[in-house]
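A.B. asks: sequence and computational prediction follow.
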Amino acid sequence: MAEPTVPILTIRDVSKTYTAQGRRTEALRGAGLTVQRGEFVCLLGASGCGKSTLLRIAAGFEAPSSGQALMWDKPIVGPAPSRGMVFQDYGLFPWLSVRDNVGFGPKSRGRPAAEIRETARRYIDLVGLGRFADAYPHQLSGGMKQRVAIARVLANEAEMVLMDEPFGALDAMTRERLQDELLDLWTRTGLTVLFVTHAIEEAIFLADRIVMMSPGPGRIEAVHTVDLPRRRDVSSPAFNDLRRMLSAQLHSHHAPKAA
Ligand SMILES: Nc1ncnc2c1ncn2[C@@H]1O[C@H](COP(=O)(O)OP(=O)(O)OP(=O)(O)O)[C@@H](O)[C@H]1O
């Protein structure tokens, strides 16, 4: 019999309560999820349902109030290069060129100069920005900045990329192009992606599995496997059926509670 595979990420009965200015917010209650290496998983839900909290716990930026977060079965105790985070606002260093932004991780890990240069070149080429290696972030469009942010995470030898609404600030056309590019990168590199969005269509277009979350307190309500072949046709009946089902589930979270 085949050995059971150890998941790259295990979230086991995780709860998180924040206390700020004397107010307690239960951001997450009893969340459980496993992600296998190479999976593309989207966390979907309305504002405030704990998506970013779950992602930050997976990144190691936050500790759970109770429960456990594990990578390869080992407790996540803080941020690590193997779990790279990509934010909506890019998080690039404005005073560094594209090359130096992408080379920042290997440099801070003390890699030799020639290796840093070669790693930066490889990942800048991978995201199609070879001609912009010497440019600075303010000279780039939003889509290009997000490509740099992705290249930077990859150059840091991330095994898992954690993305918090990475395309939320981009116009619709750039967003669609980057979704395609991300899927292409994911296929070529075998990365694991955990991707936060509140856009149903984006989740169906990208994910192997969609984790539907609900607010008050934040919980994992359901996990849906998306069985449609890629590249997914957003106008196909199967895509629309799934969109309708997820939309009904998302909107039910706002329905008035029965007295
Ligand atoms: N550092 C914090 N201190 C206090 N409360 C917080 C903190 N971070 C998040 N919260 C609260 O926890 C709840 C869940 O927030 P979280 O950002 O995880 O949700 P989200 O689903 O990602 O929302 P959004 O889509 O708006 O980003 C919210 O009520 C939020 O106000």
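C.D. replies: That came in fine, so what should we check first?
A.B. asks: so for stretch 239-251, mean pLDDT?
C.D. replies: Regarding stretch 239-251, the rounded mean pLDDT is 96.
A.B. asks: enumerate the positions of that stretch that are buried.
C.D. replies: Phe239, Leu242, Leu246, Gln249, Leu250 (16 or more other CB atoms under 10 Å). From N, CA and C alone the C-beta is placed, and that goes for glycine too.
A.B. asks: possible to save the residues you listed as a markdown table with secondary structure and distance to the ligand?
C.D. replies: Below are the buried residues of stretch 239-251 laid out as a markdown table (DSSP: H, G, I helix; E, B strand; the rest coil; distance: CB to the nearest ligand atom, whole Å):
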| residue | secondary structure | distance to the ligand |
| --- | --- | --- |
| Phe239 | helix | 23 |
| Leu242 | helix | 21 |
| Leu246 | helix | 16 |
| Gln249 | helix | 15 |
| Leu250 | helix | 12 |
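A.B. asks: count the neighbours of Leu33 for me.
C.D. replies: Neighbour count of Leu33, defined by other CB atoms under 10 Å: 20.
A.B. asks: contact partners for the closest residue to it other than its chain neighbours?
C.D. replies: Using CB to CB, 6 or more residues apart in numbering and skipping residues adjacent in sequence, the residue nearest Leu33 is Ile11, 4.4 Å away. Listed by CB atoms under 8 Å, 6 or more residues apart in numbering, the contact partners of Ile11 are Ala31, Gly32, Leu33, Thr34, Leu54, Ile57, Ala58, Gly67, Gln68, Ala69.
A.B. asks: so how far is Leu182 from Val193?
C.D. replies: 8 Å (CB to CB, to the nearest Å).
A.B. asks: for Ala31, same thing?
C.D. replies: 25 Å.
A.B. asks: surely Ala158 meets Pro79?
C.D. replies: No. Counting by CB atoms under 8 Å, Ala158 does not reach Pro79; the two are 11.2 Å apart.
A.B. asks: the more surrounded of the two?
C.D. replies: Neighbours were counted for Ala158 and for Pro79 using other CB under 10 Å; Ala158 has more, 23 against 13.
A.B. asks: please, where are all the strands along the stretch 1-150 of the chain?
C.D. replies: Secondary structure of the stretch 1-150 of the chain (DSSP state E, counting those that start in this stretch): strands at 9-20, 23-35, 40-44, 66-71, 74-75, 83-87.
A.B. asks: which of those sits most buried?
C.D. replies: Comparing those by mean neighbour count (mean count of other CB atoms under 10 Å), strand 40-44 ranks first with a mean of 24.
A.B. asks: quick one on the thing from earlier: for the residue nearest to Leu33, give me the pLDDT.
C.D. replies: Reading off the model, Ile11 has pLDDT 98.
A.B. asks: and Val41, what are its bridge partners?
C.D. replies: Leu194, Arg209 (DSSP bridges).
A.B. asks: let me see the contact set for it.
C.D. replies: Contacts of Val41 by CB under 8 Å, 6+ apart are Leu33, Val35, Val193, Leu194, Phe195, Ala207, Asp208, Arg209, Ile210, Val211.
A.B. asks: likewise for Pro81?
C.D. replies: Contacts of Pro81 by CB under 8 Å, 6+ apart are Gly105, Arg109, Asn156, Glu157, Ala158.
A.B. asks: kindly recompute the last result at 6 Å.
C.D. replies: Pro81 makes contact with Gly105, Asn156, Glu157, according to CB atoms under 6 Å, 6 or more residues apart in numbering.
A.B. asks: okay, now Pro237: neighbour count?
C.D. replies: Neighbour count of Pro237, defined by other CB under 10 Å: 8.
A.B. asks: for it, what are phi and psi?
C.D. replies: Per-residue torsions, Pro237: phi -60, psi -40 (degrees, to the nearest 10).
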